[in-house]
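> Structure of the sequence below:
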Amino acid sequence: MGKSGHIARKIAATLASTGTPAFYVHPGEAGHGDLGMITEDDVVLALSYSGESDEVLMLLPVLKRQGNVLISMTGRPHLGRRLLLHITDVMHTGDDLPSVGADASLSEALMEMSRKRLGMTAVVDAGGVLIGLFTDGDLRRALDSALDVRTAKIADVMTRNPRTIGADQLAVEAARLMETHKSTGLIVVDGQGRAVGALNIHDLLRARVV
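The predicted model follows:
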């Protein structure tokens with residue numbers, strides 16, 4: 001966008017004139033069809049002085065799913081990391097992952113949430129597959145319903161089929177999901193649906209993704 005776009009256009013022209021096929025794609029037009037010009041075999045050189053241009057960032061998930069090699073040029077390397085930071089770089093794993101079994105009581109889930117301090121806990125089956133999520137918001141709704149916290153089971157109050165994200169996705173994708181759905185945390189799952197990590201908005205803030 002802007003002056004970065006002029007520079008990118010010049011780079012593309014120089015590459016093309018010296019024997020390397022290249023073309024410029026305006027990020028504002030890419031979302032309206034021009035992105036179709038980029039094939040899976042192309043290397044994408046993304047220019048953004050701030051590293052935070054929304055028009056550029058919104059293209060990254062599509063390019064990543066397509067398998068493009070991505071090179072970023074930015075004048076602010078610490079902010080520009082948004083272009084390349086992945087979920088695996090910011091998520092909590094292992095003993096830091098809040099998780100309880102499907103037969104756990106609500107009080108056990110609350111203890112797990114308190115220990116891990118992410119404001120949520122995954123609910124998994126015996127194989128570790130995610131079957132639900134319990135958050136601070138779910139707790140408030142449970143209390144409003146006059147539920148007996150001492151006897152309730154987590155399966156009775158958890159959110160089933162919660163939104164998740166894959167470990168190989170970009171951290172900026174997690175930020176967009178949270179913003180779109182007004183949530184503050186996500187469970188990370190693998191290809192088999194097993195819970196392998198968790199992150200919340202504070203993790204993204206610390207990583208300067210948002």
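
> what's the helix or strand I7 falls within packed up against?
In the assignment (DSSP states H and E), I7 maps to helix 2-17. Here helix 2-17 touches strand 43-47, going by 3 or more C-beta pairs under 8 Å, 6 or more residues apart in numbering; DSSP states H and E. Every C-beta, even on glycine, is put in place using the N, C-alpha and C of the backbone.

> Give the other helices and strands that the following helix or strand past the strand it packs on contacts.
Next helix or strand after strand 43-47 toward the C-terminus (DSSP H and E): helix 54-57. Identification of packing neighbours for helix 54-57 by 3+ C-beta pairs under 8 Å, 6+ apart yields helix 27-30.

> what sits up against the helix it packs on?
The contact list for helix 27-30 (C-beta atoms under 8 Å, 6 or more residues apart in numbering) reads M1, G5, S53, E55, V56, M58, L59.

> could these go into CSV alongside pLDDT and neighbour count?
Below are the contacts of helix 27-30 laid out as CSV (pLDDT from 0 to 100; neighbours: other C-beta atoms under 10 Å):
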residue, pLDDT, neighbour count
M1, 80, 17
G5, 88, 19
S53, 76, 22
E55, 79, 15
V56, 80, 23
M58, 75, 14
L59, 80, 21
